[in-house]
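Novice: Fold the stuff below for me.
(one chain, ligands or ions: 1)
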Amino acid sequence: MSYDYEVAVIGCGPVGATALALLGRAGISAIGIEREAATWPHARAVHFDGETLRTLQALGIGERASAICEPMTEFRMENEEGEILFELPTGQFGTQAWHDDLMFHQPDMEALLREELERHPNVRLCSGRTLLDFTQDSDAVRCRVENADGATEFITARWMIACDGANSPVRRQLGVETEKLGSDDPWLVVDGLLHRGPGLPGTMAFLGHHSRPGLWVRLPGDRVRMEFKVMPGDDPAEIVTRSAIERISRGVLSVTNFEPDRIAIYTFRARVAEQWRVGNVFLAGDAAHQAPPLFGQGLCAGMRDVANLVWKLKAVARGTAAPALLDTYQSERLPHARYWVEKAATMAHLVQTTDPATAAGRDAHIRSHPQDVYPPLPALGPGLHAGPDDPNAGQLSRQPMLADGTRLDDIVGARFLLATTADLFAGLPEDRRIEVEANPEIVILTNPEQVRELLTAVDSHAVVVRPDRYVLGAADTATRLAELLTMIPALTAAPPTPAAPVVA
Ligand SMILES: O=C(O)CCc1cccc(O)c1
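Specialist: Numbering: from 1, shown residues only. Reported below is the predicted structural model:
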């Protein structure tokens, strides 16, 4: 079977563009089909975590992305009376060798991603084209696409990644249902420039005001975002006026000091698609999961989706892994994303209570359990790792920053990493050692400066990390390490069988 491209990416917002850029780096031929002729001029997402920066680093744009972000400096929650219920430390370089929390203006970030796409001749972004429908068989997906001039054409691809948003036409055509995890609540989102006036302190505040719950977010430059719960009795036409915004922001966004560029009512939703893979079609980003913006994980989760998927597509396309590896996309990513959707829905429920007695109970609980506020990072669901018996398996690995300022991923690239003590590696059977050393998909590091932090984190003498930076497993004996290595597809895959794509 021949096809025009190995991958068709439907929808090229930040998640789709990242998928295309990762495919570009991986040398996989891909087309992006984007309905809009130009990128949206307004922000939707505003927050990346350190893991996302690591994905951008893998694209070679980590520093440039970081330069257009502002680190979060303070994250707190206050109640109706202005009492601070929790304040989380922010602003530090974390385990990913980037700031843990970074705020950005989405149009700037999308421009950077699109610029990156230009560098890859194997990927092509087609804007102003709409996927009308598609069919698939076991070999390929056939897309019927409408061009800007109204003409239709057919594009075939071995796989499709649908990054086509919360309303995902692809998900609908597949008949995939979504699981609802919280209530649907209308909120007013206000974005703009705060030219004069201090705004609220810090970068991120959950305003647990039972009279009108809200969020405060400071963005790079003069940009700010505030979100307010729409209350019973609000007049939808009045609530979006500048004087209403001055009133409900308690004067923070006043008519004279604040210039809005987006005022919209949107619905906080918590949803997870029940199936993320149907044949050769994969759902990613908002097509697969939607969370209220508490914890700012919506886009981060979408970036994780495509970071998880693309290295697997490459391995299967190049014959270094069996096609069954692609089944681990849903099994690993769905529970992980669901965790964040559930946590965000729970936090949204707590923040937006409008009953004073319930709010008082919430405040008392947070005062006595401040450590419960920020959820610990989840592990991947079952898949290509040694969990659940190995507590490190399926967890995000750390990224050491070396003494000369090099980030370790820049040495590892998009490969498996075996970080180990020299002694443990020497204990492997010789034929296994030679095989691992000869495999171009695996980097072996034994230099103590490079591996110390990784080994300390897993409290072991060896750790295997996947190309998406998740831990495959840790080992303390040569026998266990040899077992772990058998899980690396490139060491066990059958010989390649893929048909060569015909690049249009
Ligand atoms: O309101 C938004 O869109 C994001 C809010 C946000 C950003 C970063 C961290 C966080 O907890 C919430």
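Novice: So for whichever residue of the stretch 151-300 of the chain sits closest to the ligand, what's the pLDDT?
Specialist: Using Cβ to the nearest ligand atom, residue 296 is the residue of the stretch 151-300 of the chain that sits closest to the ligand, at 2.7 Å. The way it works is simple: take the backbone N, C-alpha and C, and place the C-beta from them, glycine included. Residue 296 carries a pLDDT value of 96.
Novice: thought it was touching residue 47?
Specialist: Yes: between residue 296 and residue 47 a contact is recorded at 3.2 Å, counting by Cβ atoms under 8 Å.
Novice: quick one: secondary structure of residue 25?
Specialist: For residue 25, the assignment made with DSSP: H, G, I helix; E, B strand; the rest coil gives helix.
Novice: separation between it and residue 161?
Specialist: 15 Å (Cβ to Cβ, to the nearest Å).
Novice: Same check on residue 286?
Specialist: Here residue 286 is placed at a distance of 13 Å from residue 161 (Cβ to Cβ).
Novice: Same check on residue 85?
Specialist: 40 Å.
Novice: now residue 227, nearest residue through space, not along the chain?
Specialist: Leaving aside its sequence neighbours, residue 227 sits nearest to residue 215 (Cβ to Cβ, 6 or more residues apart in numbering; 4.3 Å).
Novice: Could you list the contact residues of the protein toward the ligand?
Specialist: Contacts of the chain with the ligand, taken as Cβ under 6 Å from any ligand atom, map to 46, 47, 204, 215, 217, 225, 227, 293, 294, 295, 296.
Novice: Which ones among the residues you listed lie within strands?
Specialist: Mapping the residues of the chain next to the ligand onto strands (DSSP state E) picks out 47, 204, 215, 217, 225, 227.
Novice: you'd agree the second one is up against residue 216?
Specialist: In other words, residue 204. Yes: under the criterion of Cβ under 8 Å, residue 204 makes contact with residue 216 at 7.0 Å.
Novice: more crowded one of the two?
Specialist: residue 204 (25 against 22; other Cβ atoms under 10 Å).
Novice: For the more buried one, give me its contacts.
Specialist: Each residue near residue 204 by Cβ atoms under 8 Å, 6 or more residues apart in numbering is listed here: 72, 74, 75, 76, 90, 101, 215, 216, 217, 218, 296.
Novice: what's the most distant pair in those?
Specialist: Taking Cβ to Cβ, the two most distant members of the contacts of residue 204 are 90 and 215; they sit 15.4 Å apart.
Novice: Neighbour count: these two, which is higher?
Specialist: residue 215 (22 against 18).
Novice: In contact with the more buried one, which residues?
Specialist: 204, 205, 206, 207, 225, 226, 227, 293, 294, 351.
Novice: what do you get if the cut-off is 10 Å, keeping everything else the same?
Specialist: Counting by Cβ atoms under 10 Å, 6 or more residues apart in numbering, residue 215 touches 77, 187, 189, 204-207, 225-229, 292-294, 348, 351-352.
Novice: For the stretch 1-150 of the chain, give me the ranges with low pLDDT.
Specialist: Scanning the stretch 1-150 of the chain with the threshold set as pLDDT under 70 gives 1.
Novice: Now the residue sitting furthest away from the middle of the chain. Its backbone dihedrals?
Specialist: The outermost residue of the chain, judged against the average C-alpha position, is residue 430 (39.8 Å), by Cα atoms, centre = their mean. Here is the backbone geometry of residue 430 (degrees, to the nearest 10): phi -60, psi -40.
Novice: Now do it against the ligand, distance only.
Specialist: Distance, residue 430 to the ligand, using Cβ to the nearest ligand atom, to the nearest Å: 50 Å.
Novice: how close does that residue get to residue 279?
Specialist: 43 Å.
Novice: ok and the helix of greatest length in the chain relative to strand 214-218, angle-wise?
Specialist: For the chain, the longest helix by residue count, based on DSSP state H, is helix 327-351. Counting by axes from the mean of the first three to the mean of the last three Cα atoms, to 10 degrees, helix 327-351 lies at 120 degrees to strand 214-218.
Novice: Measure how whichever helix or strand comes after helix 327-351 sits relative to helix 327-351, angle-wise.
Specialist: Per DSSP states H and E, helix 327-351 leads on to helix 356-368 as the next helix or strand towards the C-terminus. Interaxial angle of helix 356-368 relative to helix 327-351 (the same axes, to 10 degrees): 120 degrees.
Novice: so where do the strands sit in the stretch 201-350 of the chain?
Specialist: 204-208, 214-218, 223-229, 258-268, 271-273, 277-278, 281-283, 289-290 (DSSP state E, counting those that start in this stretch).
Novice: State the helix or strand in which residue 188 lies.
Specialist: Per DSSP H and E: strand 185-194 holds residue 188.
Novice: next one: that strand to chain centre, how far?
Specialist: Centroid displacement of strand 185-194 relative to its chain, using Cα atoms, centre = their mean, to the nearest Å, is 23 Å.
Novice: Which positions within that strand qualify as buried?
Specialist: 185, 187, 188, 189, 190, 191, 192, 194 (16 or more other Cβ atoms under 10 Å).
Novice: cool, stretch 461-472 as well?
Specialist: Buried, per 16+ other Cβ under 10 Å, within stretch 461-472: 461, 462, 463, 464, 465, 466, 467, 468, 469, 470, 471, 472.
Novice: now, among these, which is nearest to residue 19?
Specialist: Taking those together and measuring to residue 19 by Cβ to Cβ, the closest member is residue 468, at 12.8 Å.
Novice: Just give me the neighbour total for the residue lying closest to that closest one once chain neighbours are set aside.
Specialist: The shortest distance from residue 468 to any non-neighbouring residue, by Cβ to Cβ, 6+ apart, is to residue 307 (4.8 Å). Residue 307 has 25 neighbours, counted by other Cβ under 10 Å.
Novice: Would you quantify the distance from residue 307 to the ligand?
Specialist: Taking Cβ to the nearest ligand atom, one finds residue 307 at 19 Å from the ligand.
Novice: Now do the same contact list for residue 191.
Specialist: 42-44, 46, 105-106, 217, 219, 223-227, 260-264.
Novice: Can you select the buried ones among the residues you listed for me in ChimeraX?
Specialist: With 16+ other Cβ under 10 Å as the criterion, this ChimeraX line picks the buried residues out of the contacts of residue 191:
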select :43,44,46,105,106,217,219,223,224,225,226,227,260,263
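Novice: What's the mean pLDDT across stretch 199-216?
Specialist: 97.
Novice: Show me where the stretch 51-200 of the chain has its strands.
Specialist: Under DSSP E, counting those that start in this stretch, the stretch 51-200 of the chain gives strands at 70-71, 75-79, 84-88, 101-103, 123-127, 130-136, 141-146, 152-162, 178-180, 185-194.
Novice: mind checking pLDDT for the residue in the stretch 401-504 of the chain positioned nearest to the ligand?
Specialist: Taking Cβ to the nearest ligand atom, the ligand has its nearest neighbour within the stretch 401-504 of the chain at residue 469, 21.1 Å off. Note for residue 469: predicted pLDDT of 98.
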